[in-house]
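Q: Got a sequence here, can you model it:
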Amino acid sequence: MTDAAVCQSLEAWFARAMRPLPWRVSLRDPYRSLVSEFMLQQTQVSRVLEKFEPFVERFPNIGVLAAADEEAVLGEWSGLGYYRRARMLHACAQAIVENHSGVIPSGVDELMALPGIGRYTAGAMASMVFGDREPLVDGNVMRVLQRLHNNADQQTDPKTIKWAWERAAGLVEASGDPGALNESLMELGATVCTPKRIQCERCPLAGMCEALKAGTTESVPPPKPRAKRKELFCASVLVTDDAGRVLFEQRAPDGLWGNMWQVPTIERDDRPTASEMGQAAELIDSFIHQTTHRIVCFDVYRCDSWEITDGQRFLSVDQIDSLGVSNAQRRILEISDTL
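A: Model (predicted):
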């Protein structure tokens, strides 16, 4: 198995098997590629496909995005989750306008100096958009490389990460098209060499795969150790006025769901009691919302009598749709039949 043979097999397979994604065109648009890379972080392609075109229609270029209010950006991002990415993309656009005259830089070092761009995103942009021989490694790429070489080391081990980047760099140097090579590695990991239900019969690297030869594809790479997620309790109150509008408030800028809008909510490490919500509050539902680092337990109350404080205001369904609202809050509104 040579790097050149691996690259040739991958690039030929990708040319015929790649999914037709709206940011994946023969001449890559730097702005659309940048937006897609931010959206695709920790999010399935199917979810991104729902949000990508509306987002770039609302903010068609770097200048428009940079000039937009953060609230508008969060509103268009609403439903994708991981809202810090939206804030970082907004900050990235502003930095590109301020420091690069609105032109997305092509070099890895310049890209990594921008807000929200790390080594992976810089490598993706440099190779796929600008054709540079720059590697990239994400979870899909690491899985493909570990199975290809039957490397059973833990993915989170710094030595394994270093090894993966070195292997990715070697492949890029041997490739005919570094952008296509990098995309093919990600595509293979996303569609064929998946964590479960592996489709080795469809894999262009099956004849070279050391894990397949050894019969270890199910155990390589080993599962990542799960970090214990913190439990958080939220008591949320649905208050409506005579016009059917819902009372909302904006969260603080920092922390979980920063700057997002929500119905009045008490949030803490222990569960608020019904008595704390007031005699007029009626518990109507409970559910659990899980994030990467937290298990959030929601109790949803309805209240016909509520003392409105500064910063709280009644919003219509149309107004809510234009704001940044988390998936958990959307579920609360669905419980109330507001959405």
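Q: gap between residue 287 and residue 330?
A: When distance is defined by C-beta to C-beta, to the nearest Å, residue 287 is 12 Å away from residue 330. For glycine as for every other residue, the C-beta is placed from the backbone atoms N, C-alpha and C.
Q: between the two, who's got more neighbours?
A: Comparing residue 287 with residue 330 by other C-beta atoms under 10 Å, the one with more neighbours is residue 330, at 16 against 13.
Q: if you average pLDDT over the one helix or strand that one maps to, what comes out?
A: Taking DSSP states H and E as the definition, residue 330 sits inside helix 327-335. Regarding helix 327-335, the rounded mean pLDDT is 89.
Q: go on, stretch 290-308?
A: Per-residue pLDDT values over stretch 290-308 give a mean of 87.
Q: Please state the offset of that stretch from the chain centre?
A: Taking the mean C-alpha point of stretch 290-308 and that of its whole chain, the gap between them comes to 24 Å (C-alpha atoms, centre = their mean, to the nearest Å).
Q: Quote the end-to-end distance of it.
A: Taking C-alpha to C-alpha, to the nearest Å, the span from the opening residue of stretch 290-308 to its closing residue is 29 Å.
Q: how about that stretch: buried residues?
A: By neighbour count, and taking 16 or more other C-beta atoms under 10 Å as the criterion, the buried residues in stretch 290-308 are 291, 296, 298, 299, 300, 301, 302, 303, 306.
Q: residues contacting the last one?
A: Listed by C-beta atoms under 8 Å, 6 or more residues apart in numbering, the contact partners of residue 306 are 237, 239, 247, 264, 278, 280.
Q: most neighbours, which of those?
A: If you count neighbours using other C-beta under 10 Å, the busiest of the contacts of residue 306 is residue 239, which has 23 neighbours.
Q: out of everything not next to it in sequence, what's closest to that one?
A: residue 247 (4.0 Å; C-beta to C-beta, 6 or more residues apart in numbering).
Q: Read off the pLDDT value for that neighbour.
A: We have a pLDDT of 92 for residue 247.
Q: And the contacts of the helix or strand containing it?
A: Using DSSP H and E, residue 247 sits in strand 246-250. The list of residues contacting strand 246-250 from outside it, by C-beta under 8 Å, 6+ apart, reads 237-241, 259-265, 306, 308-309, 311-315, 320, 323, 333, 336, 338.
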